[in-house]
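In: Fold the stuff below for me.
(chains A and B)
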Amino acid sequence: MTAPAIEDLLRELTPQVLGALVRRQGQFEGCEDAVQEAVLAAAVQWPAEGVPGNPRGWLLTVASRRLIDQLRSDHARRERESATAAVEAPPEDVPDTDDTLVLLFLCCHPTLTAASQIALTLRAVGGLTTAEIARAFLVPEATMAARISRAKQRVRAAGSSFSLPAGAELQERLQVVLHVLYLIFNEGYTASSGRELHRADLAHEAIRLTGMVHAQMPEDGEVTGLLALMLLTHARREARTTPAGDLVPLDEQDRTKWDRGLIDKGVELVKASLAGSALGPYQLQAAIAATHADAATAEETDWPQVHALYLILERIAPNPMVTLNRAIALAETEGPQAGLALLATLDGDERMAGHHRLLSVRAHLLEKTGDTAGAYEHYRRAARSTASIAEQRYLESRAGRVRA
Amino acid sequence: MKFLIGMHINPAVLDALTDEERAAIGAGHGRFIEELKQSGELITTQALADPSQAAVVSVRDGRTVVTDGPFLEAKEYLGGFYLVDCENKDRAIELAARIPDAAIEGLGIEVRQVMFADGQLEA
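Out: Coordinates of the predicted model:
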């Protein structure tokens, strides 16, 4: 087995082994450390010595031993006899239950900050090492290690049981899980700061984890919708930047570079999810992405449909960013003045005050009306307001273009 | 999101502090650093030597010209900074408010978002 194949296998097995260990030993914090150590040991040993016949069993055995060692040293420190006695039993074969979902709900515990939920999810469910997560978020490993350890303490303090939430709580908690997966994808898709516009590894990881949730909850329209949204967005990644790293807006992208395979999969998922009963925000966003994917050229975009979908989205999940996007669609169907009039309704909204997206959309629409001086002014202000270098460069080039 | 929390100090204001006040500031920074380390939000913190030790470097016609002292003649100088990675700007502001300097008239704390980063992050 090649090293990347081993890595994939380890990532897949991590939540299974962790789930099995927590079910037996009942302490998420210590088990998670032990599994991480077992995975690190496997990553070193397996490429050199070959993958064992029962890789899951191997990981479980090594992780159990690490946990026992850990408890023994705790025991020596605190002279607590009962703690070790409980884990002396040799590990049995791994039970067939998949605890990936349970773990995911635990890692996305509502008492944690989003940054902690993301870090813990990537490690305990995604099987990434602390060093890999630290690198992805451009922080020192010690910072990430502290964040993960604090997150686990919080989960323990919250007194969560190792089971799926029931009833109405399940839907509520699922929203948090989906939001965390969405944030991981977004972090991979557009870095919130810095020069790297794509961090494809995080986007891949988000798609893989969302696919896992979808496999276990295929009936949930929002899970399906989120997976579709990710696939349809990811399909554009090659067209989204120039080789030099400059941003290419949707209407100027070379659509032959869009990944047809991903689009087909995404569209199929959107159709399946829309056939269900309730409509959610991820489904609608996926439907909008599918409408764009359907147009061979920017001119062929079905803007009335995009606008109608944003209108529904605005009703079920009111948010100034949705209104902003609807203004773009409205400008396409009814002209830039109509779009600008809708933007004006956002001026009093303090969530949007000085937001670079509001400034840049207004700049675009002013440019369409022929107000080049106004467009220039807004492009420049938008460029100053963004914390993304790629976006700043793009906005400055637009400013230069309207001035010329 | 990464933020640089810059501490603008005024040597005259610092000189006017009592030893107890100065010790309290030092202890406050110590506690703040510990908290940031435990929460997993600290990337690094550095304090800078006195502005009188600064050198201003420029190259004119290929020749390097070095002059002593700070670039800006001002009452306040950058005395040090915290580089943090936290949830959002509100959280960065909340952290900044915990820095002891924030409670002292004449000293300034400034929160700036980081836009580009490269290089080894391990201190």
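In: Work out for me the element the one residue in the stretch 51-200 of chain A that gets nearest to chain B sits within.
Out: For the stretch 51-200 of chain A, the residue closest to chain B is A:Arg147, as judged by CB to the nearest CB, at 2.6 Å. For glycine as for every other residue, the C-beta is placed from the backbone atoms N, C-alpha and C. According to DSSP states H and E, A:Arg147 maps onto helix A:141-157.
In: neighbouring contacts of that helix?
Out: Residues lying outside helix A:141-157 but in contact with it, judged by CB atoms under 8 Å, 6 or more residues apart in numbering or on different chains, are A:27-29, A:32, A:106-107, A:109, A:111-112, A:115-117, A:119-120, A:123, A:130-131, A:133-134, A:137, B:37-43, B:85, B:122.
In: per-residue confidence for the residue in chain B that chain A sits nearest to?
Out: Using CB to the nearest CB, the single residue of chain B nearest to chain A is B:Gly40, 2.6 Å away. In this model, B:Gly40 is scored at 94, pLDDT.
In: How is chain A divided into domains?
Out: A:3-85, A:302-404 (automatic domain parsing).
In: Only the buried residues of the helix holding A:Arg147, if you could.
Out: Neighbour counts over helix A:141-157 (16 or more other CB atoms under 10 Å in any protein chain shown) mark A:141-152, A:154-155 as buried.
In: again with stretch A:241-254
Out: By neighbour count on 16+ other CB under 10 Å, the buried set for stretch A:241-254 is A:Thr241, A:Leu247, A:Gln253.
In: In terms of secondary structure, what does the lowest-mean-pLDDT helix or strand in chain B contact?
Out: Counting by mean pLDDT, DSSP states H and E, chain B has its least confident helix or strand at helix B:11-15, which shows a mean of 91. Using 3 or more CB pairs under 8 Å, 6 or more residues apart in numbering or on different chains; DSSP states H and E as the contact criterion, no secondary-structure element is in contact with helix B:11-15.
In: Following the chain past that helix, name the next helix or strand.
Out: From helix B:11-15 onward toward the C-terminus, using DSSP H and E, the following helix or strand is helix B:19-39.
In: Going by neighbour count, which residues of that next one are buried?
Out: Of the residues in helix B:19-39, B:Ile25, B:Gly28, B:His29, B:Phe32, B:Leu36, B:Ser39 count as buried by neighbour count, 16+ other CB under 10 Å.
In: With distance to A:Leu226 added, can I get these in CSV?
Out: Shown next, in CSV, are those (distance: CB to CB, whole Å):
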residue, distance to A:Leu226
B:Ile25, 48
B:Gly28, 44
B:His29, 43
B:Phe32, 38
B:Leu36, 33
B:Ser39, 29
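In: Low-confidence stretches in the chain?
Out: Using chain A. A:79-97, A:190-200 (pLDDT under 70).
In: I was thinking of chain B, sorry if that wasn't clear
Out: Applying pLDDT under 70 to chain B flags residues B:120-123.
In: What parts of it come near chain A?
Out: Residues of chain B lying close to chain A by CB under 8 Å from any CB of the partner chain are B:1-2, B:37-44, B:85-87, B:113-118, B:121-123.
In: Looking at those residues, which are in helices?
Out: Among these, DSSP state H puts B:Lys37, B:Gln38, B:Ser39 in helices.
In: Am I right that B:Gly102 is in contact with B:Glu94?
Out: One correction, residue B:102 is Ala, not Gly. No: taking CB atoms under 8 Å as the contact criterion, B:Ala102 and B:Glu94 are not neighbours in contact, 11.0 Å apart.
In: before we move on, the earlier item: now find how far off-centre the least confident helix or strand of chain B is within its chain.
Out: For helix B:11-15, the gap between its own C-alpha mean and the chain's C-alpha mean amounts to 16 Å (CA atoms, centre = their mean, to the nearest Å).
In: ditto for stretch B:46-59
Out: 14 Å.
In: Over to stretch B:95-109?
Out: On the basis of CA atoms, centre = their mean, the separation between the geometric centre of stretch B:95-109 and that of its chain is 11 Å.
In: Between the two ends of it, what distance do you get?
Out: Taking CA to CA, to the nearest Å, stretch B:95-109 runs 11 Å from one end to the other.
In: helices and strands around the strand or helix carrying A:Leu9, which ones?
Out: Mapping A:Leu9 onto the secondary structure by DSSP H and E places it in helix A:3-25. In terms of contacts (3+ CB pairs under 8 Å, 6+ apart), helix A:3-25 is packed against helix A:28-49, helix A:55-78, helix A:100-107.
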